[in-house]
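Chemist: Could you look at this predicted model? Sequence included:
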Amino acid sequence: MSTPQPRKPTADFVQKQIDEVRRNRQFAREREVLSKILERFPLNRNLEDVILKTSLVNSIYSTRIFDVCKVGYHIVDQQIDSQLESKSPEVVERIARVTFDDGKKKYLYSFATKYCSWHKPNDYPRYDGYVSRLLISYQKRDDFDQFVSDDLKNYVRYKEIIGRFRDRYQLTQFNFDELDQFLWAYGKAYEKELETKTRPKARKPNAKLTR
């Protein structure tokens with residue numbers, strides 16, 4: 001059985017997926033909460049403000065950060081506001097690389113992209129497992145760009161790949177925030193479709209012989 005390919009991302013199909021995401025009550029509430037917090041605390045100089053924002057992003061996106069205070073200290077130390085204002089992709093890398101108190105170094109890439117995105121949603125596309133795997137599926141389908149999976153963990157390259165995806169399928173009317181909503185929602189649905197279609201069918205028990 002061949003693996004089903006993802007649907008071609010026409011403008012109508014992309015918009016349909018975005019509309020479905022926005023109709024989700026939980027999505028709408030979480031988005032509203034984050035937006036209000038960021039309007040009230042737009043900068044990243046005050047530790048309490050940054051810990052609050054870090055906690056919210058971590059909770060809403062399940063980025064599995066167990067020491068949000070340490071990450072908050074780290075973000076404040078990086079003095080990221082000027083880089084965010086200039087839309088520098090390098091700020092993602094600075095946020096992502098954290099050394100915890102036990103000496104362990106972690107690369108909080110997904111969290112860092114989401115943290116930056118919520119400050120500048122049209123300039124910082126969010127990285128997610130569903131998004132990553134769907135981009136790879138589209139690459140196999142149409143060869144819209146040349147990349148390997150590790151390239152998606154390089155933010156400069158990742159942003160470039162998202163841009164080429166948008167250009168290849170003539171989706172320039174959608175910004176990064178909208179494309180993220182599509183890639184996440186359809187990526188999740190597509191994986192569910194794959195799981196359903198590739199799952200072995202249960203074998204029916206043999207009928208009992210009767211005389």
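Modeler: Structure received. Values in this document were obtained by computation on a predicted structure and should not be read as measured data.
Chemist: Other residues contacting the host helix or strand of R157?
Modeler: Per DSSP states H and E: R157 is located in helix 155-168. Residues from elsewhere that reach helix 155-168 (Cβ atoms under 8 Å, 6 or more residues apart in numbering): 89-90, 92-93, 109, 113, 124-125, 127, 135, 138, 142, 144-145, 147, 151-152, 171-172, 174, 176, 179. Quick note: C-beta positions are derived from backbone N, CA and C, even for glycine.
Chemist: Alpha carbons of that helix, as CSV, please.
Modeler: Provided in CSV are the C-alpha atoms of helix 155-168 (Å, rounded to 0.1, in the frame of the first residue of the first chain):
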residue,chain,number,x,y,z
TYR,A,155,16.3,29.1,12.1
VAL,A,156,17.7,31.1,9.3
ARG,A,157,17.3,28.2,7.0
TYR,A,158,13.9,27.3,8.5
LYS,A,159,12.5,30.7,7.8
GLU,A,160,13.9,30.5,4.2
ILE,A,161,12.2,27.1,3.7
ILE,A,162,8.8,28.5,4.9
GLY,A,163,9.3,31.4,2.5
ARG,A,164,10.0,29.1,-0.4
PHE,A,165,7.0,26.9,0.5
ARG,A,166,4.8,30.0,0.4
ASP,A,167,6.3,31.1,-3.0
ARG,A,168,6.1,27.7,-4.6
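Chemist: distance between it and the chain's centre?
Modeler: With Cα atoms, centre = their mean, to the nearest Å as the basis, helix 155-168 stands 14 Å off its chain's centre.
Chemist: All set now, cheers.
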